[in-house]
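# Starting from these lines, generate the structure:
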Amino acid sequence: MGTPEFAVASLAAILEAGYPVVGVVTAPDKPAGRGMQLTESAVKKFAREKGLFILQPEKLRDQDFLETLRGLQADLQIVVAFRMLPEVVWNMPPMGTVNLHGSLLPQYRGAAPINWAVINGEKETGVTTFRLVHEIDTGGLLLQERFPIDSTDTAGDVHDKMAVIGARLLVRTIDGLAAGTLVEVPQENPLGLKHAPKIFTETGRIDWRRPAVEVYNLIRGLSPFPAAYTELDGKLLKIYRAEWQAHALAPDVAPGVYDTDGKTYLRFATTDGYVRVTELQMEGKKRMAVGDFLRGYRFNSLPQR
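Alright, predicted model coming up:
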C-alpha cells in the first residue's frame, strides 16, 4: 500500500527479493497539470508495468474494496507513504500490517518526518519498520537503520537516500517475519520527543529575525517542496538552496534587508549573519541559479548595503 515515488523503491525491492505481491493498493487517479488530465500515482504506474493487481479505493471502509482485499488472502500487508488505515484493514492479514516510517521512531512521529529532521538541524536520521496499531506511529518496533544528514542536504536529498535505505530495511523485515526470528520491541515515550506535523504554507514563511543557521535549515528542510519563501520587491520569492557562513559578523542592517552586486550574489540579513541564496524561483518565473536570475532581473530600488 503506497502512492508516491518514495514507495516505488520498496515495492521494487520486495519483488526483487522474490516475494509474491498479490495486490497493490494506491490512491485513485487525480486530475493534474494545466489540462487537469487524470494522472496515475507513481506506485500505480510501476505496478501496472509489472502486471500486478491494483486496487484504488476512494474509501478504505468500502465493502466492495474490503471483500476484494480479503479475497487476496495476503499473509502480510506493507504500508509505505500511504494514508491512515482503519483497523478493519490493518488487522486483516494473519501476520498484520507493517509500516515503513522515515524517522528513528519514536522521534518524529507524524506526516513530515524528513522535513522536520532537516529543519531542526539534525545530524542523523533513519528509517523504522513497525507494526500498525490504533494510535499513529506508535506500534511495536521491528527494525531500524541510521544514516547521517550532511550539512548541505535538502529534504529532497534525504528523501532519495531514505527511499533506497528504507526499501532494503523493509526486505530485511519481511525476511525476519517470514523466518520467525524478528522480535518486536514496544515503543517508549522518552522526554524530549520531537514531532513531525503536516507542513502548511505558513510553515515556509522565512522569519529573517531568526538566526542564520535556523533560516538556512528551514530552506533545506522545505526544498524541493513546498519551498521556503520570502518577498522581493513585493513579489513571492521561493528559495531552494542557500549558503550560510558560521562566525560571520552580525549585519549592521535590519533582518530581511538584502544585499547584492547585481551579478553573482544575493543575500539576506538575519540577526547574526547573512544567508546567501544560490537557487531560487521568482513569482511567475522558473526555478534557476541565482546568477541567471540576477542577469535578467531589475530591482525596484537600489540594493541595500
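# Can you name every helix or strand that the strand or helix carrying residue 117 contacts?
Element membership for residue 117 (DSSP states H and E) is helix 113-119. Judged by 3 or more CB pairs under 8 Å, 6 or more residues apart in numbering; DSSP states H and E, helix 113-119 is in contact with strand 124-131, helix 155-179, strand 195-196, helix 212-221. Where C-beta positions appear, they are placed from N, C-alpha and C, glycine not excepted.
# mean confidence for it?
In this model, helix 113-119 has a mean pLDDT of 98.
# try stretch 2-21
Per-residue scores along stretch 2-21 average to 97.
# what about it, start to end distance?
13 Å (CA to CA, to the nearest Å).
# Which residue would you name as the spatial centre of the chain?
The centroid of the chain falls nearest to residue 114 when counting by CA atoms, centre = their mean (4.8 Å).
# circling back to that earlier point, out of the helices and strands packed on helix 113-119, which is closest to residue 92?
For the helices and strands packed on helix 113-119, the distance to residue 92 is smallest for strand 124-131, at 13.2 Å, taking CB to CB.
# how far does the next helix or strand after that closest one sit from the chain's center?
Next in sequence after strand 124-131, counting helices and strands by DSSP H and E, comes strand 141-148. Strand 141-148 sits 17 Å away from the centroid of its parent chain (CA atoms, centre = their mean, to the nearest Å).
# Please, where are all the helices along this structure?
Under the criterion DSSP state H, helices of the chain are mapped to 5-16, 42-49, 63-71, 87-90, 113-119, 155-179, 212-221, 290-296.
# For the fourth one, which residues meet the burial criterion?
By 16 or more other CB atoms under 10 Å, the buried positions in helix 87-90 come out as 89-90.
# Now do it: which elements does it pack against?
helix 63-71, strand 77-80.
# on that earlier part again, can you add distance to residue 25 and give the helices of the chain back as a markdown table?
Output for the helices of the chain, formatted as a markdown table (distance: least, CB to CB, whole Å):
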| stretch | distance to residue 25 |
| --- | --- |
| helix 5-16 | 11 |
| helix 42-49 | 9 |
| helix 63-71 | 7 |
| helix 87-90 | 9 |
| helix 113-119 | 22 |
| helix 155-179 | 16 |
| helix 212-221 | 30 |
| helix 290-296 | 43 |
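# which residues does the closest residue to residue 27 other than its chain neighbours contact?
Of all residues not flanking residue 27 in the chain, residue 3 sits nearest, at 4.5 Å (CB to CB, 6 or more residues apart in numbering). Applying CB atoms under 8 Å, 6 or more residues apart in numbering, we find residue 3 in contact with 26-27, 41-43, 81-83.
# got it, and residue 220?
118-119, 152-155, 241-242.
# which of these are buried?
118-119, 153-155, 241-242.
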